[in-house]
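> no sequence on hand, only this structure:
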């Protein structure tokens, strides 16, 4: 039972254009969502997060949108750069105030940004 | 501030052996979580330690165990290794503040190969 799903295994975009990575979840108890970027042979790097009480969070070129009714979130990267080429993971937590340090990850989407 | 460090980075073992992996969290971080990454299963939560106590546990057999020391450093142990234990083992640390969500920051991982 995969509670967090990234249905697109890969995405290819042109440099300068927008990259949109999608993530769906099934557990309505999830209250915090995160995006991580991962290069080969490295650990995931935290990118941006959003609480379930918000519908948008922005940090520089990265914006995460949350649609709770659809149980869907997306990561927008504008403009995309070749250095953004990596695997992107969506993750969710139902820790709430107890914050038990358990993240549920999607399978990842490989983004390729072409120069 | 130094990031999360993991040792060793690479390890080769044979079936039936046991292995111990080490993780040093970011200074000041009190929570340490462990994850297993495999091509087939993605990133899966193993367990989380906070104040030397296991606070949460994933769905892994008892062969997987861990502990945390008073300085927040953590070790995980896998006994009676199986071929399927070959994976990238990732450690993540967080501040574990009582209020609000605490983002997890990952180390580079330990690549374990079981022959």
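Good, I have the coordinates. Every value quoted in this text rests on a predicted model; they were computed, and no experiment measured them. Residues are numbered from 1 along each chain as shown, chains lettered A, B, ... in the order given.

> how about the residues of chain A by chain B?
A:32, A:34, A:36, A:41-46, A:49, A:51, A:89, A:91, A:93, A:95, A:97, A:99-108 (Cβ under 8 Å from any Cβ of the partner chain). For every residue, glycine as well, the C-beta is placed using N, CA and C.

> please name the nearest non-neighbouring residue to residue 47.
Looking at chain A here, since you left the chain open. Counting by Cβ to Cβ, 6 or more residues apart in numbering or on different chains, residue A:35 is the residue found nearest to residue A:47 once chain neighbours are left out, at 4.5 Å.

> hmm, I had chain B in mind actually
Closest residue to residue B:47 in three dimensions, ignoring its sequence neighbours and counting by Cβ to Cβ, 6+ apart: residue B:57, at 4.7 Å.

> where's that neighbour relative to residue B:67, distance?
13 Å (Cβ to Cβ, to the nearest Å).

> residue contacts, the most centrally placed residue in chain B?
Residue closest to the mean C-alpha point of chain B, counted by Cα atoms, centre = their mean, is residue B:34 at 3.0 Å. By Cβ atoms under 8 Å, 6 or more residues apart in numbering or on different chains, the contact set of residue B:34 is B:23, B:45-48, B:66, B:74, B:76, B:89-92.

> so which of those comes closest to chain A?
Of all the contacts of residue B:34, residue B:48 has the smallest distance to chain A: 3.7 Å, by Cβ to the nearest Cβ.

> tell me which element the residue nearest to the centre of chain B is part of?
Using DSSP states H and E, residue B:34 sits in strand B:31-38.

> show me what whichever helix or strand comes after that strand pairs with in its sheet, parallel or antiparallel.
As assigned by DSSP H and E, the chain's next helix or strand after strand B:31-38 is strand B:42-50. Here strand B:42-50 is paired, per DSSP bridges, with strand B:31-38 (antiparallel), strand B:53-57 (antiparallel).

> show me what contacts the nearest residue to residue B:115 once chain neighbours are set aside?
Leaving aside its sequence neighbours, residue B:115 sits nearest to residue B:14 (Cβ to Cβ, 6+ apart; 5.2 Å). Taking Cβ under 8 Å, 6+ apart, we find residue B:14 in contact with B:81, B:114-115.

> what is the nearest of those to residue A:24?
Residue A:24 lies nearest to residue B:114 out of those, by Cβ to Cβ, at 33.5 Å.

> state the pLDDT value of that closest one.
At residue B:114, the model reports a pLDDT of 97.

> cool, residue A:95 as well?
Note for residue A:95: predicted pLDDT of 66.

> and residue B:66, by the same measure?
On the pLDDT scale, residue B:66 is placed at 97.

> in this structure it contacts residue B:49, no?
Yes - between residue B:66 and residue B:49 there is a contact at 6.3 Å, judged by Cβ atoms under 8 Å.

> of these two, who's got more company?
More neighbours surround residue B:49 than the other of residue B:66 and residue B:49, with 27 against 22 (other Cβ atoms under 10 Å in any protein chain shown).
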